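J.: The sequence isn't on hand, but the structure is:
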Ligand SMILES: Nc1ncnc2c1ncn2[C@@H]1O[C@H](COP(=O)(O)OP(=O)(O)O)[C@@H](O)[C@H]1O
Ligand SMILES: [Mg+2]
């Protein structure tokens, strides 16, 4: 299928760190509105793949297309201007800033350079967008509190909200539920599902929690040692012997 039919197309991406072949010749497509899960044992190359897609790392080879256009060499900031948002595996909230300021800051990151983030005038449009996200993720009661005073789960929720400041187009989430308690996990899942439905936005989600992935995602890709070893519906993946072996054998 042509790359122009897809929100995201990854073609033959490889990335090595010295002798470590972290990602090997990975290709896949993501359709508009899809919630694609990316799973695999620790060290299988999931975060590296995200970083290659999002311009944080330059792949050794391969191409990435967003809405059919090559994004080779584009920075994370340029990508966010195309409506591509992300979260990192590690929390990227600023603990000494309020919840609302963290989200506004994320929006400035998506719109401008470091200089304009630091010295630019606060953008009224960003505040409005940030407040809408605060409301959507039901963080209103924490709006003016320091992010560092929030529980870990609340900070993960804030971190996810920040990724949506790039717009609802395409959001890549790296372990959004990592270390989050069960109640918050269910809540996060419900909010992501609702956002996906209301905005017809597209997600790619890396996550270790199988229940979370299996119930959130419509399709799942499995990486092992940098390569795609399986792809299918949650049911197909659950019953795939190669997948079971990769997890149990790893
Ligand atoms: N910046 C880096 N420098 C060297 N090795 C790295 C770097 N980032 C990741 N790796 C290695 O690449 C492999 C894949 O890592 P990663 O993409 O983080 O896996 P995952 O997210 O699936 O746990 C691992 O062997 C890891 O140690
Ligand atoms: Mg990772």
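T.: Here it is on my side, so go on. What you see is a predicted model, and the numbers here were worked out from it, not measured in a lab. Ligands and ions are numbered 1, 2, ... in the order given.
J.: if I look at the spatially closest residue to residue 95 that is not a sequence neighbour, how far off is residue 140?
T.: Spatial nearest neighbour of residue 95, excluding adjacent residues (C-beta to C-beta, 6 or more residues apart in numbering): residue 148 at 2.8 Å. C-beta coordinates here come from the backbone N, C-alpha and C atoms, glycine included. In this structure, residue 148 and residue 140 are separated by 19 Å, where distance is defined by C-beta to C-beta, to the nearest Å.
J.: what does this structure put close to ligand 2?
T.: Residues of the chain lying near ligand 2 by C-beta under 5 Å from the ion: 46, 47, 89.
J.: Which one (most neighbours) among those residues?
T.: Using other C-beta atoms under 10 Å as the neighbour criterion, residue 46 leads these with 25 neighbours.
J.: I'd assumed residue 38 was in contact with it.
T.: Yes - counting by C-beta atoms under 8 Å, residue 46 does reach residue 38; the two are 5.5 Å apart.
J.: Give the residues shared as contacts by these two.
T.: By C-beta atoms under 8 Å, 6 or more residues apart in numbering, residue 46 and residue 38 have these common neighbours: 206, 223.
J.: Tell me where this structure is predicted with low confidence.
T.: Scanning the chain for pLDDT under 70 picks out the ranges 1-4, 109-124, 248-250.
J.: Can you show me the helices along it?
T.: Remark: helices of the chain, listed N- to C-terminal, are 46-53, 76-81, 99-111, 114-119, 124-136, 152-163, 182-199, 210-216, 234-238, 241-249; assignment by DSSP state H.
J.: Check which residues of the last one are buried.
T.: If I follow you right, that is helix 241-249. Of the residues in helix 241-249, 243, 246 count as buried by neighbour count, 16 or more other C-beta atoms under 10 Å.
J.: Identify, from the residues of the chain next to ligand 2, the entry nearest to residue 207.
T.: Ranking the residues of the chain next to ligand 2 by separation from residue 207, with C-beta to C-beta as the measure, puts residue 46 on top at 9.4 Å.
J.: Not counting sequence-adjacent ones, nearest residue to the closest one?
T.: Spatially, and ignoring its direct neighbours in sequence, residue 46 is nearest to residue 206 (4.7 Å; C-beta to C-beta, 6+ apart).
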